[in-house]
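Asker: Pasted the sequence and its predicted model underneath.
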Amino acid sequence: MPRSASLLALILAAVAALALSGCGNKGESRLEVETEGPYLELDELQYQVQISRILNPDDVEDRAYLKGISEGVDVAADEVWFGVFMRVQNGTDERRTPADAYVMQDTTGKRYTALNLDDNVNVFAYKPNPIEPGGLIPTPNSPPSDNSIQGSLVLFKVQVGSLYNRPVQLRLKSSTGDGPTGIIDLDI
């Protein structure tokens, strides 16, 4: 290949790489993301799934995440606890209220509503408290912020079969109730 053609190919590759590196940046306004990690924007707040996974009540770390479940709520033999660890950022100069309605949905349409966790017992529980300008959920220097996950827990009780009906989506509803729904495909 002539030198000028090689140089042109290199320049084109560099331009393409720069264009692709912008995908998923925080500054983009997106109501639907195809995987965990990229930011979703809803009501001028940026939501990010840090990680999602099955929680094992026999695991020492996971036991801490499962504290505060309402009495009498347990998983059946064909169910699992499923945790979605969220980070929410308010980049505006106004106080904002984050989403408070979270639903997991598989490709068959089976839906699971997030469970209520007692946040007096579970320090990792997601609390949709208003976020001050520049603020975050989880609050900086709190246990969920300082652990390796760096997200607040949204907990679900899910039938195992639904985890095979992918993509499984996390749907979050605007706190106003009449706004749009954000959708994140979970990495299951």
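Answerer: In hand now; what should we look at? Numbering: from 1, shown residues only.
Asker: Work out for me the element the residue positioned nearest the centre of the chain sits within.
Answerer: Most central in the chain under CA atoms, centre = their mean is residue 49, positioned 2.4 Å from the mean C-alpha point. Secondary structure from DSSP states H and E places residue 49 in strand 45-55.
Asker: Work out the gap between the next helix or strand along the chain from that strand and the centre of the chain.
Answerer: Toward the C-terminus, strand 45-55 is succeeded by helix 60-65 as the next helix or strand (DSSP H and E). Computed by CA atoms, centre = their mean, to the nearest Å, the chain-centroid distance of helix 60-65 equals 19 Å.
Asker: tell me which residues in helix 60-65 are buried?
Answerer: By 16 or more other CB atoms under 10 Å, the buried positions in helix 60-65 come out as residue 65. Backbone N, C-alpha and C define where each C-beta goes, glycine included.
Asker: contacting residues around the closest residue to the residue nearest to the centre of the chain other than its chain neighbours?
Answerer: Excluding the flanking residues, the one nearest residue 49 by CB to CB, 6 or more residues apart in numbering is residue 36, at 4.1 Å. Residues near residue 36 by CB atoms under 8 Å, 6 or more residues apart in numbering: 48-52, 184-187.
Asker: Can you turn the buried part of those residues into a ChimeraX selection?
Answerer: Here is the ChimeraX command that selects the buried residues among these (16+ other CB under 10 Å):
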select :48,49,50,51,52,184,185,186
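Asker: Select, from the contacts of residue 36, the two members most distant in space.
Answerer: Across the contacts of residue 36, the longest distance by CB to CB is 14.9 Å; it joins 50 and 185.
Asker: Please enumerate the strands of this structure.
Answerer: 32-33, 40-42, 45-55, 79-90, 101-105, 111-113, 136-137, 152-159, 169-173, 181-185 (DSSP state E).
Asker: want to throw these into CSV with distance to residue 119?
Answerer: Listed next are the strands of the chain as CSV, based on distance: least, CB to CB, whole Å:
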stretch, distance to residue 119
strand 32-33, 27
strand 40-42, 22
strand 45-55, 17
strand 79-90, 14
strand 101-105, 15
strand 111-113, 17
strand 136-137, 12
strand 152-159, 9
strand 169-173, 18
strand 181-185, 22
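Asker: In JSON lines: these, plus distance to residue 73 and mean pLDDT.
Answerer: Shown next, in JSON lines, are the strands of the chain (distance: least, CB to CB, whole Å; pLDDT from 0 to 100):
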{"stretch": "strand 32-33", "distance to residue 73": "30", "mean pLDDT": "94"}
{"stretch": "strand 40-42", "distance to residue 73": "28", "mean pLDDT": "95"}
{"stretch": "strand 45-55", "distance to residue 73": "14", "mean pLDDT": "97"}
{"stretch": "strand 79-90", "distance to residue 73": "10", "mean pLDDT": "98"}
{"stretch": "strand 101-105", "distance to residue 73": "16", "mean pLDDT": "97"}
{"stretch": "strand 111-113", "distance to residue 73": "12", "mean pLDDT": "98"}
{"stretch": "strand 136-137", "distance to residue 73": "24", "mean pLDDT": "98"}
{"stretch": "strand 152-159", "distance to residue 73": "7", "mean pLDDT": "98"}
{"stretch": "strand 169-173", "distance to residue 73": "20", "mean pLDDT": "96"}
{"stretch": "strand 181-185", "distance to residue 73": "25", "mean pLDDT": "96"}
